[in-house]
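Asks: Please work out how this folds:
(one chain, ligands or ions: 1)
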Amino acid sequence: MNFARRPVAESGQTARLGFEDIRHGYGQGDVVKGVSLSAAPGEVLCLLGPSGSGKSTLLRIAAGLEQPHHGRLLIDGVEVTGPSTFLPPERRGIGLMFQDFALFPHMTVADNVAFGLQRLPRASRQAAVGEALARVGLSGYRDKYPHMLSGGEQQRVALARAVAPRPSVLLMDEPFSGLDSRLKDQVRAETLAVLRETGATVMIVTHDPGEAMGVADRIALLKDGHLVQTGTPRALFSRPESLFAASFFSEINRFEGKVEAGRVEIPFGSRSVAAAMPDGPVTIAIRPGDIRLSQEATLSGQPAEVLERRFLGTQELFRLRIEGTSHVVDASISAGAIGEGVGRVFIEVDDQTILVFENREQTPYTRDT
Ligand SMILES: Nc1ncnc2c1ncn2[C@@H]1O[C@H](COP(=O)(O)OP(=O)(O)OP(=O)(O)O)[C@@H](O)[C@H]1O
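Replies: So this is what the prediction gives:
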């Protein structure tokens, strides 16, 4: 896996991509409701959000496949979409890659990759195809047809086709979702390495928070056509600004409470909250992974009854009822840390992992399952 931040672009160009107050809909109200966002040159920015939050619409607007009814789109400070501007897709220096790879079945791998290079003289075109295929490790595949390739190989051909014209911006819509889950991690790491080499500014649409955290320099989290938070994967995970953001990245244990003079009561006792938090009702979220369990009583440990436990390999999930209350909490701990058959454990939670949100229109993300 490539952990390097960003090497200097080897051969391609790179550009800043900026959205300014973009609004767009398809007839019955807006689905993108005033989004301002920018991707720095060479940055990998993930647009993340639930289905229908407007991610693909923003990507299509950046590509020039959709013209928004309000706002501007800038590439390196130059307006390519605006109230009186619309630069067609082929003149934006943008590469596109979709979830189904969209390879032409009747064309060889080499012809698929050459598709966006028609304006180059033949010799340069062949050189660019060779270079792009080498970059994705498919030099020996020039004359094969898409149906002769595995899903992972097809994805690499699509990637080669997208990077061959050396776009300064690359837009990818769910580029890994067509892949078998065993392949995904490997293909993702390889793709990221190729993207870093090209130096292109990359915007990836995904609904998978794990994927976004694995590939993004920054994540832009969308909900109902609004940008709810932008930041590094670490910042979004550890400092979510809303219950929605907290619950989008993981399951949470949720409690209602009240802040009074900088303290809040949770089922595990009274805790201090951030100095800026005003008195009033709050929602408290604690991630199952932030709960520690021990078999032995500790000074601050809250006793709880084990209702259920599920072994998941490296982790084990516990469902617990806090003694003397009706509060049920879920904990995710290293498998084997609590002996089999143990019916009573002690819960510990560090103050800094307790997420407290003022009760202003706080709705969590609800998973289908
Ligand atoms: N061509 C279209 N015509 C009408 N409605 C559309 C069209 N494209 C998208 N929509 C609607 O706009 C909303 C936002 O769609 P969009 O595809 O941008 O969301 P998304 O976040 O990418 O969702 P998903 O992850 O499901 O693709 C959805 O309610 C969708 O049904």
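Asks: need the helix or strand of the chain with the lowest average pLDDT.
Replies: Counting by mean pLDDT, DSSP states H and E, the chain has its least confident helix or strand at strand 269-272, which shows a mean of 82.
Asks: That one - contacts with which helices or strands?
Replies: Where contact means 3 or more CB pairs under 8 Å, 6 or more residues apart in numbering; DSSP states H and E, strand 269-272 is packed against strand 263-266. Backbone N, C-alpha and C define where each C-beta goes, glycine included.
Asks: any idea which element the residue nearest the centre of the chain lies in?
Replies: With distances taken as CA atoms, centre = their mean, the residue of the chain nearest its centroid is Ala212 (2.4 Å). Per DSSP states H and E: Ala212 is located in helix 209-215.
Asks: Ends of stretch 322-335, what's the gap?
Replies: Criterion CA to CA, to the nearest Å; first-to-last residue distance in stretch 322-335 is 21 Å.
Asks: just use 309 as the starting number from now, easier for me
Replies: Got it, the first residue is 309 from now on, which makes the last one we talked about stretch 630-643.
Asks: avg pLDDT for it?
Replies: The average of the pLDDT scores along stretch 630-643 is 94.
Asks: Surely the residue nearest to the centre of the chain is in contact with Pro541?
Replies: Yes - between Ala520 and Pro541 a contact is recorded at 6.8 Å, counting by CB atoms under 8 Å.
Asks: Can you work out which residues contact both of those two?
Replies: Listed as contacting both Ala520 and Pro541 by CB atoms under 8 Å, 6 or more residues apart in numbering are Ile527.
Asks: from the chain's centre, how far out does the least confident helix or strand of the chain sit?
Replies: Centre-to-centre, strand 577-580 and its host chain are 33 Å apart (CA atoms, centre = their mean, to the nearest Å).
Asks: so who does the residue in the stretch 509-658 of the chain that the ligand sits nearest to touch?
Replies: Closest residue of the stretch 509-658 of the chain to the ligand, CB to the nearest ligand atom: His515 (4.8 Å). When contacts are counted by CB under 8 Å, 6+ apart, His515 touches 356-359, 363, 482.
Asks: which residues sit in contact with the closest residue to Met521 other than its chain neighbours?
Replies: Computed as CB to CB, 6 or more residues apart in numbering, the closest residue to Met521 that is not its neighbour in sequence is Pro541, at 4.0 Å. Taking CB under 8 Å, 6+ apart as the contact definition, Pro541 lies against 520-521, 524, 527.
Asks: and which of the residues you listed is nearest Ile641?
Replies: Using CB to CB, Met521 comes nearest to Ile641 of the contacts of Pro541, at 21.0 Å.
Asks: From the structure, what's the count of residues near the closest one?
Replies: The local packing of Met521 (other CB atoms under 10 Å) involves 17 other residues.
Asks: Arg504 too?
Replies: Counted with other CB under 10 Å, Arg504 comes out at 19.
Asks: ok, it to the ligand distance?
Replies: Separation of Arg504 from the ligand (CB to the nearest ligand atom, to the nearest Å): 25 Å.
Asks: Pretty sure that residue sits in a strand.
Replies: No - with DSSP: H, G, I helix; E, B strand; the rest coil as the criterion, Arg504 is located in helix rather than a strand.
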